[in-house]
Each structure stands twice: as structure tokens, then as C-alpha cells.
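1. structure of the sequence below:
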Amino acid sequence: MGTEFGELLRARRSAAGYSLREFAQALAYSPGWISRIENGKAEPTFDMARRCDELLGTDGELAALAKNAKHPNTRPLQLPPAPTGYVVQQPVIDALNEMFEAAAKTRTGLTVAIDGPAGVGKSTLAVHWSRGMAERFPGGVLFTNLQGYSDADPERPDHVLERFLTALGVPAESIPTGLDERAAALRTIADDRPMLLVLDNASDSTQVRPLLLGTPGSITLVTSRRRLTGLATTSGAQRISLSPLSPAESETLLRAIVGPRIDEEPDATTVLARQCAHLPLALRIVAERLATHTHRRVADVVGELGEAALDALADAEDPRLDIRPILESSYRALPSDQAQVFRLLGLYPAAQVSAPAAAALLGFSTVRARRLLDALVSVHLVEEIGPVRYQRHDLLRDYAAERCAETDSEGERADAVRRLAAWYAHTIDRACWRMAPHRPIDRLGPPPAGVTPTEFATAAGAETWCDAEAETFLPIVRLAARHQLPDAWEIPARLWNWLLLRKPWGVWIDTHQAGLDAATVADDTASRGWVAMNLGEAYRQSGDTERAHEHIQLSLDLRRDLGDRHGQAWSSTCLGFTARDEDDHSSARPHFEQALALFKETGDKHGQAVTLACLTEVYAQLGEFHQVQEVFDASLALTREMGDLYAEGELWARRAAAHLQDEGRAEAVACLDRALECRRAAADAWGIAEGLEQRGDALAELGRTSEARQSWGEACEAFDGLSELRATRLRDRLTS
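-> Numbers count the residues shown, from 1 in each chain. All right, here's what the predicted structure looks like:
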């Protein structure tokens, strides 16, 4: 869209008689940014396009063109890749097409619930149809596995909505905290840009209902092993029950993977398809075996399947279906080392696993683990979904867990879980230290034997790893808790720096609650105090002051009982944060002063610098200006001693706020200039943007309007990549 929009903008601007500089000044953008947009090298926001229309009198022409640019990168296409050899069940495809066309004609939303037994191809059908229809949805296609039938807990709707809104370009600070509010935000976006939601593997109607769109032109496609009659009754969903393949379709699938060899044994092929219950998953597994072992006959595989014990499928809705013989025959064909990998992966608590994590679970090197995982990929017992990342179907994971319980000793299983939990704890320790090496923490000691944590050369690499593993952290914490391992509370506590950076409230709160419960069961008072404080900070920063105070006070009480003076200092600091957030500076003051005394007593210079910086602001708010300079100087000396430019930038900003309380506007501008120097050196993008805005405010109060507008304009550009809401508010001020 960039080139088309840019050419139209240049034409309309020239026709209106604006020079590039005049036009940029009127819009409160830099001439360079306008030039980039006109040359197709940058994308406009919807707000900018609307402002252009107002200035040029183009009657919404530019806004209409930029309608889909309201959020950056807001047309996600999240569908996973479709498997090879897919057999189209045309009647089902036709039914979906008819439902879509009928909804399009009446301009109504559509919800379709596809149910059927495990392994019948519900997910594959949903992905196949969605790929063919993706271009019909300007808002894109969102996909999630709701974990309805897996070892992990079913996905919570509020967490799913948070991920969807993030994928649609909604800034983290603009995502509501409540379930209903998040659902409303998603529907608002869908009302403007119809989209397709694929909700895979739902547990029941209750889990799905908050995620339904119902907006004109949008479709919600749900798959589940359960018949979602409640969804049809209360939400008007249309239902499709997916049946196994027909005999002819089963043979088509086998032929697509194995080749014409199956035509040489038509009777055996018919029996093989029947033994597989015509389930695509089971058919695909045996077909890959036949394709790999070119000298093996179909009749040989039929014989192997007939020898396996038959158990009921772990799906009470249809006990006639049983694919265990297929899984058994595939497992028995594995070499011993591959079989061991397959079994132990049954202990892994999440659907997706990385090669390094699998290596820790197995006690192997990453190179060896990846080689064995790739071998399992070749026989479709594991699926490769990205660089060094793998996943398994629910049934395969269940079967692996059964085999592990039957084959591997209790000690072997416990050792594997200990290695896995330790690998996560030590890798997280390294990642979060790399993100903020100036923030002192008690590092973990050497990892146990057989565990090689991932090392990170850069903060960006550490952040990327944590982002990729985010959905795994809670299952790992719960696994560690079930095995009564200290990693159950070490893992959430050591995620601190990443949690502060990303603020994924669901992960933060749930991992810490699980860790707190585990530490309570273990009667580990010190760890309870640590995790309770961090949990309180999650509630504070997400706006739940009551729960924040409850958990932080608990941490302080626990640490007092333990005589942990250093822990008391941090709990008191967090209580000060809570009071400050409520503008209760009189209550915040004693908390910070008590914390400062304890930090001095325990020799924590970082803690001293933090509390002194907070007191710089609190004393100014209370009008005690004679103390402000003293605590500021002390904090500055400590911060520079540690070489922490990020903290120094924050300190200068707090000093500027203190000057403003004392009518020292010129001094505030000078302090903000120092803050910006530090933040630029530290590459603190948020700090730079906020500092420029604050600098503009101070300059405006001094009557230096031209300089203020320039600073606000620079702040607008800085916020463009961080917060559309903040950028828009600033531009409203500039043009009002």
C-alpha cells in the first residue's frame, strides 16, 4: 500500500500548494518522515492518513486507503503448515463453503464447530479450508491450539485473547486486563476488518464462548473431540461432525504417500485401512513406515497390527476407535535409542519442545538429541514446526507417556524430570541476567551433571528465547511442583527481568502462583517471601492494588519471621511503590526510608540507588525540597559506581520531576537533557520517548513554545514504534 498511498499524498499535497516542510510542520511530523511515506519507504498510520485528509480537504480519501494500517502488521496469517498427502473430503468442504456464502449474503457472523474423534483430521480440515479462504478476510487469520485434550491445562480464554490482540498490533499497554473487555476489543477490531479465527482442540463450549466473534463478515472455526451442542444452542453455531475417511479415501491417502505399491496388494490394503479405523493420523503413520521400508509388504504391516493388544481409545465418546496398534507397530520398529527418546518425551508437559530442552530431558548432547528427533520426524512420531522446535499429536504424547511408565524405572523418570526442570531454571537464570547484567541477583550455581543450559551472547537473543518459550513456563513449573523440586519457585522468580520487560500478565501471575503454592507445600519460607513479593508486583503493575498489597505484605511478614533483613528491604520498597501509585506519598515515605536503612545494613548498593531515587520524587511531592538534592546525589554516586546507564537515566528523570514540584522548570529541562543522554547511550527506547515528551512539557511551561513543539514532535516519532496511543495523544496536542 505504501507506494500507492505515497503517490496520492504527494499529488494532493502539491495540488494544495504545500511544500514538504510546510506540510510536515502542519501535521507535526518531520519532513524526513513525510518524504519516506511519499516514496513508499514507510507505512502511514490510520491517524496520520485522517489528519492528511483534514488538512488537504480530501474527504476521507487517504484514510480509506490506509484503513488497514490502523495497527502495524495487523494482518496475521497464523495457520500452521498443512501435511502432505491430504485427502480432501469434498462434501465437508462444500458444506463449509455454503455456510460462508450464506453468511456473506446476509452480512452476519458465522461460527462453525467441527467435532469428531481424535485423529480424524479436524485440525487438518480446518487449516486446509482456511488457507483457501484466507484472502477473503482483510483482518487476517488467527490460529490457536486450545489444549482441550492434552496433559496441559486447557488454555484460558483471557490468555488467548491477549495473544490475539498482540498479534493484531495492539500495544501491550492498551490490552485490557478483564476477559469481557479483551473480548470486546477483539470484536471491535473484527467489526472494522473481518477476520477468520481457528480455535483448535477446544475442551467444551464454555472455553470457546468468550472467543467467538459474531461480527459481520467474520468466521470462528472451532474443532473439538466433543460435540459442542451448547455452542449451537446458545451462540447459533453451525455444527459439522467429521467422520473417518471412506475406504476409497483411505486408499487415496496411502497411495499419495506410499506410491503404487499398495495397488499390488489390494486386499491387504483394504484390511490395513480398516485396522487404522480410516483415521488419517493412523493411516499416515503406517504409510510413512511403508514408504521408508521399501522392501516391506503391506501384508507384513497388517500382521504386525493384528498382533498388538487392543485397548479402548482414551476418548469415552467413541470407544470403538483404537489406534494403539498403529502406534505400537511404529514404536516397535524404532531402534532402541529412538524408542528411548520417544518414551521420555512423554514426560514433557507441553505440546512443543525445543531440541536443547529435549537434550536436557534425555541427558544427551543437543546435537545427538536433534539427530534422534529428526529420525522421529521421518516416521511422523514427531513433527518439526520450526528451527530446532518440535511438537507431537495428543495421542502420540499420551502413548509415549504410557510406554515411559511401563518401560523406564521410577528413578529414570525422576532423573529426566530433574534434568529438564534444572535446564529451564539455569537457562532462564542466564537469559534474564543477560537482559539486565547491572541488576544484581543471586545467580544459580553450576548446573547438575547432564544439563547444559543455553548461553546468550546478547540481550535480544535472551528476550527472543523467553518469548518463544513463554507458553512452556507454566507447565514446567507445575511439573517441577509435582516432583517437589525447588525449580518450581526458582523458575518464576528468575524470570523477573523478562517479565518486567514484556509484562505478560497471564504468564507472570500463573507461574508465580504455582511457585508460591509449591514453596508453601515445601515449607520454604524464604522462597515464599521471594515469590509472593514478585507476584504482588505483577498485581501492582497490572492495576490490582488490593491483591498487590496483600501479597507484598505477606512477603514482608514472612521475611520478618525469618529475620531476612535484605528481603525485608525489597518488600518494603514494593510497598512504597504501591503507596506511590495511589499518590499516597506520606505512606510511601516510611516504606522507602525503612528499605534504605536495610539496604545500607545489608550492603546492597543497587537497592540503595533504587530507594534513594524514589525518595527524590517522594520528598519533592511532600514539599521537603531541602532533602531532595541530598538523596539525589547519593543515588547518582551509587548508580555511576555500578555503571548502570539505564538507572541513571531514570534518576535524572525523577530529579526533573522534583524540580518541577519546586517551580524549577529550567533546572528540570537540564535534568531531562541529562536523562536523555543516558537513555540514548543505554538504548532505552521507552525512556527516550517519555523523556522527550516530559522535556516538551517543561519547555512549554517556560514559554519556549517552539522548542517544546520540536521536542513533542521528536517524542511522537519515538512513540510511533512503541505506542500508537501515546503518539496519537501527542499529535492531538500539537494540532489542537
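2. domain assignment for the protein?
-> 2-69, 90-241, 247-332, 336-408, 410-522, 525-593 (automatic domain parsing).
3. tell me which of these sits nearest to Asp644.
-> Taking C-beta to C-beta, domain 410-522 is the member of these nearest to Asp644, at 3.9 Å. Yep, even glycine has a C-beta here, placed from its N, CA and C like the rest.
4. follow-up on the earlier one: can I get the domains of the chain in JSON lines including mean pLDDT and mean neighbour count?
-> Formatted as JSON lines, the domains of the chain follow (pLDDT from 0 to 100; neighbours: other C-beta atoms under 10 Å):
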{"stretch": "domain 2-69", "mean pLDDT": "85", "mean neighbour count": "17"}
{"stretch": "domain 90-241", "mean pLDDT": "89", "mean neighbour count": "19"}
{"stretch": "domain 247-332", "mean pLDDT": "75", "mean neighbour count": "18"}
{"stretch": "domain 336-408", "mean pLDDT": "90", "mean neighbour count": "19"}
{"stretch": "domain 410-522", "mean pLDDT": "93", "mean neighbour count": "20"}
{"stretch": "domain 525-593", "mean pLDDT": "96", "mean neighbour count": "20"}
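5. may I see these arranged in CSV, with distance to Asp697 as well?
-> Putting the domains of the chain into CSV (distance: least, C-beta to C-beta, whole Å) gives the following:
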stretch, distance to Asp697
domain 2-69, 15
domain 90-241, 19
domain 247-332, 61
domain 336-408, 45
domain 410-522, 25
domain 525-593, 19
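6. tell me which of those sits nearest to Ala656.
-> Short answer: domain 525-593, nearest of the domains of the chain by C-beta to C-beta, at 16.7 Å.
7. between the two ends of the closest one, how far is it?
-> 25 Å (C-alpha to C-alpha, to the nearest Å).
8. same question, stretch 348-366
-> 16 Å.
9. again, but for stretch 379-399
-> End-to-end distance (C-alpha to C-alpha), stretch 379-399: 15 Å.
10. what comes into contact with it?
-> 80-81, 118-119, 149-151, 201, 281, 284-285, 288-289, 292, 314, 323-324, 327, 330-331, 333-334, 342, 345-346, 348, 351-356, 358, 370, 373-374, 376-377, 400, 468 (C-beta atoms under 8 Å, 6 or more residues apart in numbering).
11. what of stretch 235-245?
-> 87, 89, 92, 95-96, 99, 110-117, 120-122, 125, 205, 209, 212, 214, 222, 227-229, 231-232, 253, 273, 277-280, 283.
12. 7 Å instead?
-> 87, 92, 95, 99, 111-116, 120-122, 125, 209, 212, 227-228, 231-232, 253, 277-280 (C-beta atoms under 7 Å, 6 or more residues apart in numbering).
13. repeat for stretch 107-116
-> With C-beta under 7 Å, 6+ apart, stretch 107-116 has contacts from 96, 99-100, 103, 122, 125-126, 212-228, 231-232, 235-243.
14. in strands, which of the residues you listed fall?
-> Taking DSSP state E as the definition of strands, those contribute 219-224, 238-241.
15. make a markdown table out of these and add distance to Ala653.
-> Output for the ones in strands among the contacts of stretch 107-116, formatted as a markdown table (distance: C-beta to C-beta, whole Å):
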| residue | distance to Ala653 |
| --- | --- |
| Ile219 | 47 |
| Thr220 | 45 |
| Leu221 | 48 |
| Val222 | 48 |
| Thr223 | 50 |
| Ser224 | 51 |
| Gln238 | 56 |
| Arg239 | 57 |
| Ile240 | 57 |
| Ser241 | 61 |
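16. out of the domains of the chain, nearest to Thr705?
-> domain 2-69 (13.2 Å).
17. for that closest one, the distance to its chain's centre please.
-> In this view, domain 2-69 has its centroid 34 Å away from the chain centroid, taken as C-alpha atoms, centre = their mean, to the nearest Å.
18. average pLDDT for stretch 696-716?
-> For stretch 696-716, mean pLDDT rounds to 91.
19. so who does Arg12 touch?
-> 56, 58.
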